[in-house]
Structures are given as structure tokens and as C-alpha cells.
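Enquirer: Pasting the sequence and the predicted coordinates here, then a few questions.
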Amino acid sequence: MKKLFLLFTVSVICLALSGIAFATNGVNLIGVGASSRAMGGAGVAAPQDSISAIFNNPAAMGSLEVADEFNFAGTLFMPTVKANVKSPAPPFGVGNWSGKSQDQPYAIPAIGIMSPIDKDMRFGIAAYGVSGLGVDYRNIDPMGISTKLSVMKFTPAVSYKAGDFSVGLGMDIDYQALDLGMGQSHNYAVGARLGVLYSMNIISVGATYVTPQSVSHKRVFDFDNNGKMDNLKLEAPQQAAIGFAVKPMPGLLAEVDVKWIDWAGAKGYKDFDWDSQWVYTLGLQYKPMPNLALRAGYNYAKNPVKEHNGFNAGGTSSIQGTNTPTFAYEYFRMIGFPAIVEQHITLGLGYDLSKKVGVSLGYKYALNKTMSEKDSSGGVTLESQLKEQALDFALLFRF
């Protein structure tokens with residue numbers, strides 16, 4: 001157990017030093033951990049390791065075959081973001097420009113440990129980057145728009161198993177950092193994730209709920225151009241999910257998850273007029289031999305950013321009480337925060353090098369998505385394109 005916590009402490013330091021900027025289901029990753037991500041983010045009913053269990057359904061810790069486990073995972077996230085802007089010259093717009101965001105690939109670590117308390121209870125801790133988004137159009141955009149949001153969670157969790165039924169509870173401790181080109185603002189929040197799981201023979205059914213977790217960013221941007229930096233509340237939205245997993249034949253696992261993410265009710269995101277999302281995930285795993293797992297998945301969620309075709313570019317809009325010019329409001333929504341991808345295809349494999357050491361690999365491709373809107377006069381066009389690739393790697397140690 002001491003070895004587990006030493007490894008966890010070192011890994012948390014690495015996680016805290018990492019830079020995070022990404023977007024998939026809105027600004028949330030489709031999943032955490034190489035095994036879950038290779039299966040499209042599935043894991044509410046049948047996660048394969050401690051990280052994905054704590055993230056997807058803490059009740060499922062009791063269903064994992066191993067007792068003591070340490071899992072270190074890393075994602076190399078490679079978004080490709082482009083913008084095309086047509087507008088009047090300043091001060092009524094920014095002129096015409098197009099270009100590619102200059103972000104470099106991002107390394108996103110995740111770690112988790114798990115150990116038994118007694119024969120029915122297990123304790124686990126995970127730390128992972130879970131949400132984010134960013135663009136860098138400096139030296140391309142006349143306004144030099146640059147944004148970066150990152151959310152890290154530290155989650156201790158406990159599960160209790162009684163026969164075929166398990167319950168779990170995790171406490172989310174959030175660290176959220178936001179930089180809108182005028183300096184970074186960071187703050188913290190606390191919330192909870194609840195889970196239940198029923199697992200019998202070849203069938204497992206799970207359900208989870210995550211509470212909303214609100215962070216207030218102080219003096220982050222001058223939205224209304226009055227010379228004073230404004231605050232912005234951004235809330236990690238409440239979520240609910242159900243999952244159904246079945247093992248129709250030896251070595252084969254299939255899981256379907258459905259998740260609801262309440263962007264429309266979350267502070268900040270509702271100010272930018274986001275829709276809530278229904279996320280549909282299909283994950284498959286096949287073991288042709290006991291120490292080899294082949295994985296594939298598909299994840300779909302409709303783009304949450306609403307189109308505002310016909311907006312009044314000369315009007316004003318409200319962002320948490322500020323009187324913001326509508327052109328700037330739409331510019332920020334469409335160019336600065338283009339969380340618009342919808343479809344994700346994933347592949348991966350897991351291989352046990354021994355009874356105590358395993359490795360997992362994964363690849364994710366988010367299909368290119370384009371979104372544009374025009375103002376009422378047709379003189380302003382705001383367009384963003386986004387596609388993503390990611391490579392996943394994990395080492396699993398059993399004690």
C-alpha cells in the first residue's frame with residue numbers, strides 16, 4: 001500500500017505541472033484512461049481499470065478482478081483548429097482573416113490507485129485532466145485572440161459490494177484555470193459522483209450522477225470594454241449516465257453507455273448559449289488470448305454550441321451582468337471556444353507482460369466538424385473547423 005501511495009504522489013506532481021487544452025464532448029474528454037478511451041469512453045457498467053472505474057462509476061471498483069492496483073496513463077492530444085472570419089474593418093469588426101490555431105500537442109496524464117479496505121469495501125484515488133479547450137490565433141487574428149481552459153480533478157472514492165449489487169461514492173476536488181488572453185485566473189470547487197452497479201454472470205448494468213461544480217474566475221476579461229476586468233463563473237455541469245454491458249461469448253465484452261451533460265444549465269456555458277448534450281457510446285473488447293485485449297469504440301454527441309444566424313452585430317448581449325457588444329460575444333463563442341466536434345472513432349489494445357504488469361495503447365480520431373454563422377446584414381461571417389487525434393498509453397501495476 002505504501003508503494004501505491006508513493007507512486008500516486010509522484011504522478012500527481014507530474015499531472016499538476018502539465019498543460020491541458022482539449023475539447024471532445026463539449027469541453028469534456030470522452031473518457032479517462034487508455035482502456036476506456038479505446039472503447040469510446042465506455043465504462044459505466046464494465047470499466048477495465050481503476051482510473052476508468054473512479055471516473056465512470058466508483059461503484060465498479062468492487063467488480064474489478066484485482067485488489068491492489070496502480071495505473072499511470074497518458075494522452076497525447078492533437079487538435080487541429082481553423083478559423084475563417086469576414087467582417088468590417090475596426091472599430092466595427094476585425095476585418096477579414098483566416099488561419100490555423102498555433103497550439104502544439106498537449107500531454108495529459110492521469111493516474112489512479114485502488115486497494116481493499118475489507119472483503120466488501122475498496123478505496124481508490126484518481127487524478128486526471130478531464131475538461132479543457134483552447135485556441136491560439138496570436139499573430140494571425142488582428143485581435144490576437146488566445147484562450148485556454150483546463151480542469152483537473154482529484155477524486156478519492158470508496159465502493160461497497162453486497163452480492164451482485166455495488167454502490168460507490170467519490171468526492172471531486174476540482175482545479176480549474178482559465179486564460180482569455182489577459183492573464184490566467186484559477187480557482188477550486190468541490191462536488192460528488194455517485195454510482196450503482198448490478199453485475200450478474202454475463203450482464204452488468206450501472207448508473208452514475210455527478211453534481212454541478214462551480215468555479216468563479218476573478219478579473220479574467222473586460223467583456224463590456226469599460227476598462228475594468230470582469231469575473232466569470234464557469235460550472236462543470238451536472239451529469240447523469242447509464243450503462244449496459246454484456247459478455248455474449250467467452251472473451252467478448254460489449255458496452256453501451258448513454259450520458260446527459262447539462263451545459264444548458266451550467267453557469268458560464270448557459271451564458272454562451274450552449275445546449276445540453278446526450279452522449280452515446282459503444283465500446284467493444286475482445287480477448288483472443290487471456291493476456292491480450294483488442295478494443296474499439298464509437299462516441300457521438302451533438303455539438304452543444306448553438307448557431308445564431310441573423311444576429312445583430314451592432315447590438316449588445318449579456319454575459320453574467322455585463323453589457324457586451326454582440327459582435328464580441330459571438331466572436332468569442334465561435335472563434336475562441338469552438339467545442340464543436342461530434343463523432344469519435346477509437347481503437348486500442350491491452351497486453352499483460354506478466355501477472356503484475358500490463359500495458360495499454362489507444363488511438364482516437366474525432367471527425368472534422370465545421371460550424372459558421374452570419375449576422376443579419378450578411379457582412380459578418382464567423383466560421384470554425386475542428387478535428388482531433390489522440391494517442392493513449394497506460395502502464396498498469398498490480399501488487
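Expert: All right, it came through fine.

Enquirer: what is residue 216 paired to in the beta sheet?
Expert: Legend: beta-bridge partners of residue 216 under DSSP bridges are residue 233.

Enquirer: Give me the neighbour count for it.
Expert: Neighbour count of residue 216, defined by other CB atoms under 10 Å: 17. Every residue, glycine included, has its C-beta placed from N, CA and C.

Enquirer: Relative to residue 176, how far out is it?
Expert: Distance of residue 216 to residue 176, computed by CB to CB, to the nearest Å: 10 Å.

Enquirer: where do the contact lists of those two overlap?
Expert: Taking CB atoms under 8 Å, 6 or more residues apart in numbering as the contact criterion, the common neighbours of residue 216 and residue 176 are residue 187.

Enquirer: Help me confirm that residue 220 is found in a strand?
Expert: Yes - counting by DSSP: H, G, I helix; E, B strand; the rest coil, residue 220 is part of a strand.

Enquirer: can you list contacts of stretch 199-210?
Expert: The list of residues contacting stretch 199-210 from outside it, by CB under 8 Å, 6+ apart, reads 44-46, 56-60, 63, 164, 166, 172, 191-198, 236, 238-248.

Enquirer: Now, of these, which are buried?
Expert: In terms of neighbour count (16 or more other CB atoms under 10 Å), the buried residues within the contacts of stretch 199-210 are 44-46, 56-60, 63, 166, 172, 191, 193-197, 236, 238-239, 241-247.

Enquirer: Identify the residues contacting residue 175.
Expert: Residues touching residue 175, when contacts are defined by CB under 8 Å, 6+ apart, comprise 151-154, 186, 188.

Enquirer: so it is in which element?
Expert: Using DSSP states H and E, the secondary-structure element containing residue 175 is strand 165-179.

Enquirer: Given that strand, what are its sheet partners and their directions?
Expert: Determined by DSSP bridges, the sheet partners of strand 165-179 are strand 146-162 (antiparallel), strand 184-200 (antiparallel).

Enquirer: buried ones in the first one?
Expert: Across strand 146-162, burial judged by 16+ other CB under 10 Å covers 146-161.

Enquirer: same deal with stretch 172-179?
Expert: Under the neighbour-count criterion of 16+ other CB under 10 Å, stretch 172-179 has 172, 174-179 buried.

Enquirer: distance between that stretch and the chain's centre?
Expert: For stretch 172-179, the distance between its averaged C-alpha position and the chain's averaged C-alpha position is 13 Å (CA atoms, centre = their mean, to the nearest Å).

Enquirer: try stretch 86-97
Expert: 33 Å.

Enquirer: Please apply the same query to stretch 364-380.
Expert: Here the centre of stretch 364-380 is set off from its chain's centre by 22 Å, with CA atoms, centre = their mean.

Enquirer: Please apply the same query to stretch 111-118.
Expert: Mean C-alpha position of stretch 111-118 versus that of the full chain (CA atoms, centre = their mean) differs by 23 Å.

Enquirer: Which parts of that stretch count as buried, going by neighbours?
Expert: For stretch 111-118, using 16+ other CB under 10 Å, the buried residues are 111-115.

Enquirer: Go through those residues and name the one nearest residue 337.
Expert: Closest to residue 337 out of the buried residues of stretch 111-118 is residue 111 (28.3 Å), distances taken as CB to CB.

Enquirer: Can you check what angle separates the helix or strand encompassing that closest one from strand 146-162?
Expert: Remark: residue 111 resides in strand 106-116, with elements defined by DSSP H and E. Angle, strand 106-116 to strand 146-162, by axes from the mean of the first three to the mean of the last three CA atoms, to 10 degrees: 20 degrees.

Enquirer: ok, back up a step: output the contacts of residue 175 in CSV; the columns should cover pLDDT and distance to residue 366.
Expert: Listed next are the contacts of residue 175 as CSV, based on pLDDT from 0 to 100; distance: CB to CB, whole Å:
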residue, pLDDT, distance to residue 366
151, 90, 19
152, 91, 21
153, 93, 22
154, 94, 27
186, 94, 27
188, 95, 29
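
Enquirer: Out of those residues, which comes closest to residue 225?
Expert: Distances from residue 225 to the contacts of residue 175, taken by CB to CB, are shortest for residue 186, at 24.3 Å.

Enquirer: Just grab the bridge partners of the closest one for me.
Expert: Partner residues in beta bridges with residue 186, using DSSP bridges, are residue 177.

Enquirer: these two touch, right, it and residue 176?
Expert: Yes - in this structure, residue 186 sits in contact with residue 176. The criterion is CB atoms under 8 Å, and the distance is 6.5 Å.

Enquirer: okay, and the common contacts of these two?
Expert: Any residue near both residue 186 and residue 176 by CB under 8 Å, 6+ apart counts here, and that gives residue 217.
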